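Visitor: Predicted model, plus sequence, below.
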Amino acid sequence: MPVRDDYLLRFVNLLREALAEAVRLRKGGRHEQALLVIIQTQEKLFVRPAAEFIRLNLDQQIELLRRGEKPSDARTKLLAYASLMREAGEIYAARDRADLAAGAFQAALHVSLVVANEDVAPDENLRTTIGELLKQVPPEQLQPPVVEMLQRLPNAGEI
């Protein structure tokens with residue numbers, strides 16, 4: 001197995017473990033610790049401190065995740081980021097911070113749609129994720145780039 005593939009496999013396993021830990025902490029009411037797990041995992045994903053990528057807009061963050069990656073690895077990293085943002089949304093919702101939750105869910109939706117629009121045929125898991133995220137963000141709050149990507153998505157009406 002090439003070194004790069006081994007690294008990506010290790011990262012996917014780390015992501016699963018981190019998300020499981022964040023969910024466990026959130027469900028236990030330990031929201032701050034859950035957010036810390038999310039931030040630490042993001043730092044590993046971006047390979048830099050949070051202070052460096054948080055100041056970037058979402059499109060810049062997406063490009064940073066893609067930089068130097070082959071398309072399949074970039075897709076994996078983007079979906080990982082979307083998963084982290086989705087869990088951040090769940091944590092914020094549990095803290096009664098609807099404003100922050102909506103922003104995190106919308107970021108997860110945006111990144112998921114970027115991936116879906118690049119796939120020849122988005123797989124059913126991704127389409128399901130997009131549908132679930134759409135339930136978290138009121139239609140009137142969807143940002144124009146998200147609306148545009150939804151309109152370009154094949155069979156978007158079926159989500």
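Guide: Noted; the coordinates are in hand.

Visitor: buried set for stretch 42-57?
Guide: 42, 45-46, 53 (16 or more other CB atoms under 10 Å). The C-beta positions use only the backbone N, C-alpha and C, and glycine is treated the same way.

Visitor: so the residue most central in space within the chain is in which element?
Guide: The centroid of the chain falls nearest to Ala82 when counting by CA atoms, centre = their mean (0.8 Å). If you go by DSSP states H and E, Ala82 is part of helix 71-94.

Visitor: for the helix or strand just after that helix, packing partners?
Guide: Note on helix 71-94: by DSSP H and E, the next helix or strand toward the C-terminus is helix 98-118. Where contact means 3 or more CB pairs under 8 Å, 6 or more residues apart in numbering; DSSP states H and E, helix 98-118 is packed against helix 58-66, helix 71-94, helix 124-136, helix 144-152.

Visitor: and the second one, how far out from the chain's middle?
Guide: Using CA atoms, centre = their mean, to the nearest Å, the distance from the centre of helix 71-94 to the centre of the chain it belongs to is 2 Å.

Visitor: what's that helix packed up against?
Guide: The helices and strands touching helix 71-94, judged by 3+ CB pairs under 8 Å, 6+ apart, are helix 3-27, helix 31-46, helix 58-66, helix 98-118, helix 124-136.

Visitor: Which of those sits closest to Val146?
Guide: Minimum separation from Val146 across the helices and strands packed on helix 71-94 (CB to CB) falls at helix 98-118, 5.4 Å.

Visitor: And the contacts of that closest one?
Guide: If you take CB atoms under 8 Å, 6 or more residues apart in numbering as the criterion, helix 98-118 is touched by 58, 62, 71, 75, 78-79, 81-83, 85-86, 88-90, 92-93, 122, 126-127, 129-130, 133-134, 136-138, 141-143, 145-146, 149-150, 152-153.

Visitor: Stretch 19-36 now?
Guide: Counting by CB under 8 Å, 6+ apart, 37-38, 41, 83-84, 87-88, 90-91, 94-95 sit against stretch 19-36.

Visitor: Now restrict those to buried residues only.
Guide: 37-38, 41, 83-84, 87-88, 90-91, 95.

Visitor: Quick one: residues contacting Leu126.
Guide: Going by CB under 8 Å, 6+ apart, the list of residues near Leu126 reads 79, 112, 115-116, 119.

Visitor: Let me have those residues in TSV, adding distance to Glu32, pLDDT and neighbour count as columns.
Guide: Formatted as TSV, the contacts of Leu126 follow (distance: CB to CB, whole Å; pLDDT from 0 to 100; neighbours: other CB atoms under 10 Å):
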residue	distance to Glu32	pLDDT	neighbour count
Leu79	26	95	21
Ser112	26	97	27
Val115	30	95	22
Ala116	32	94	24
Asp119	36	78	13
